[in-house]
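Participant: sequence first, then the predicted structure, then my questions.
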Amino acid sequence: MGAAVVTDLRGQRIVRVLRAVFAVYGLIALLWIPLRSAGSDDFSLANYLSYFTIESNILAAVVLLVGAIRDPQSRGWQLFRGATTLYMVITGIVYAVLLANIDVMLQDAWINTALHRLLPLVLLLDWVVAPSRVRISEAQSLGWVVFPAVYGAYSLIRGPIVDWYPYPFLDPRQQGYLQLAVTAVVLLLAMALMALAVNAVGRLGARRRYGEDR
């Protein structure tokens with residue numbers, strides 16, 4: 001067995017171990033607030049699970065755990081993995097730009113750092129360091145934006161029913177529906193560009209690792 005092969009296998013083991021470590025870390029961060037707040041009248045599990053941050057981090061934990069245990073290379077899994085990477089990138093960027101000084105139910109500093117900063121970076125680095133072996137087209141990567149769009153619709157439908165919105169930019173009570181519609185269009189366009197960028201950096205990682213554009 002050549003030295004290059006041994007080095008590659010060792011690198012794959014390290015990646016899998018790191019995936020497992022960060023998956024456990026993410027799960028602890030996700031479960032900490034619900035477990036600590038169980039029985040509290042001020043805590044709503046339904047609202048907690050209705051944050052895009054929480055949903056994207058749940059998907060990230062799944063991606064990291066499966067990647068640590070099996071590391072599947074099928075097209076379907078790599079599309080799911082790429083989509084999850086995008087959602088985590090969205091989580092990190094939107095938090096940094098729009099939500100850094102707003103209460104989003106993550107008052108614990110270490111949980112806030114884990115879910116909004118560290119794990120988005122981990123998913124992106126994992127996507128680049130251990131890239132997809134199958135080529136993902138631009139059209140397929142744009143399809144990743146469907147989930148954020150559905151999430152936005154869900155939030156707007158649920159909001160009036162429970163009198164609660166997860167984020168200020170999704171709350172028509174503060175800005176009116178016209179301004180909300182403009183904001184939604186801008187965010188969707190930005191997310192589409194992020195999707196193309198995530199796909200592009202994954203291809204660069206594939207070219208570096210596999211020697212060709214996948």
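Facilitator: Happy to help now that I have it. If you're wondering where the values come from, they're calculated on a predicted model, not measured in any experiment. Residues are numbered from 1 along each chain as shown.

Participant: and the residue positioned nearest the centre of the chain, which of the three is it?
Facilitator: Nearest to the geometric centre of the chain sits residue 88, at 2.2 Å (Cα atoms, centre = their mean). Per DSSP: H, G, I helix; E, B strand; the rest coil, the secondary structure class of residue 88 is helix.

Participant: for residue 196, pull up the helix or strand it's in.
Facilitator: helix 172-210 (DSSP states H and E).

Participant: in that helix, what counts as buried?
Facilitator: 180, 183-184, 187, 191-192, 194-196, 198-199, 201-203, 205-206, 209 (16 or more other Cβ atoms under 10 Å). Just so you know, the C-beta spots here come from the backbone N, C-alpha and C atoms, and that holds for glycine as well.

Participant: now do the contacts for the residue nearest to the centre of the chain.
Facilitator: Each residue near residue 88 by Cβ atoms under 8 Å, 6 or more residues apart in numbering is listed here: 56, 57, 60, 119, 120, 123, 124.

Participant: try it again at 7 Å.
Facilitator: 56, 60, 119, 120, 123 (Cβ atoms under 7 Å, 6 or more residues apart in numbering).

Participant: what's residue 43 sitting at in phi/psi?
Facilitator: When read as degrees, to the nearest 10, the backbone of residue 43 gives phi -110, psi 130.

Participant: could you give the number of residues near it?
Facilitator: 14 (other Cβ atoms under 10 Å).

Participant: now it: closest residue in space that isn't a chain neighbour?
Facilitator: residue 37 (3.7 Å; Cβ to Cβ, 6 or more residues apart in numbering).

Participant: doesn't residue 22 make contact with residue 65?
Facilitator: No. Counting by Cβ atoms under 7 Å, residue 65 stays clear of residue 22, with 9.7 Å between them.

Participant: who's more crowded, these two?
Facilitator: Higher neighbour count among residue 65 and residue 22: residue 22, with 21 against 17, using other Cβ under 10 Å.

Participant: mind listing what that one touches?
Facilitator: Each residue near residue 22 by Cβ under 7 Å, 6+ apart is listed here: 64, 119, 122.

Participant: any low-confidence regions in this protein?
Facilitator: Counting by pLDDT under 70, the chain shows low-confidence ranges at 1-10, 103-106, 212-214.

Participant: run the last query once more with 80
Facilitator: Of all residues in the chain, those with pLDDT under 80 make up the ranges 1-11, 39, 100-107, 211-214.

Participant: the helices in it, which residues?
Facilitator: Listed in chain order, the helices found in the chain under DSSP state H are 3-36, 45-48, 52-69, 75-94, 109-113, 119-129, 138-142, 146-162, 172-210.

Participant: output those in CSV; the columns should cover distance to residue 102.
Facilitator: Supplementary listing: the helices of the chain in CSV, determined by distance: least, Cβ to Cβ, whole Å:
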stretch, distance to residue 102
helix 3-36, 16
helix 45-48, 15
helix 52-69, 12
helix 75-94, 11
helix 109-113, 11
helix 119-129, 17
helix 138-142, 29
helix 146-162, 15
helix 172-210, 12
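
Participant: closest to residue 101 out of the ones you listed?
Facilitator: Of all the helices of the chain, it is helix 109-113 that lies closest to residue 101, at 11.6 Å by Cβ to Cβ.

Participant: which helices and strands does that closest one pack with?
Facilitator: Applying 3 or more Cβ pairs under 7 Å, 6 or more residues apart in numbering; DSSP states H and E, one finds that helix 109-113 contacts helix 3-36.
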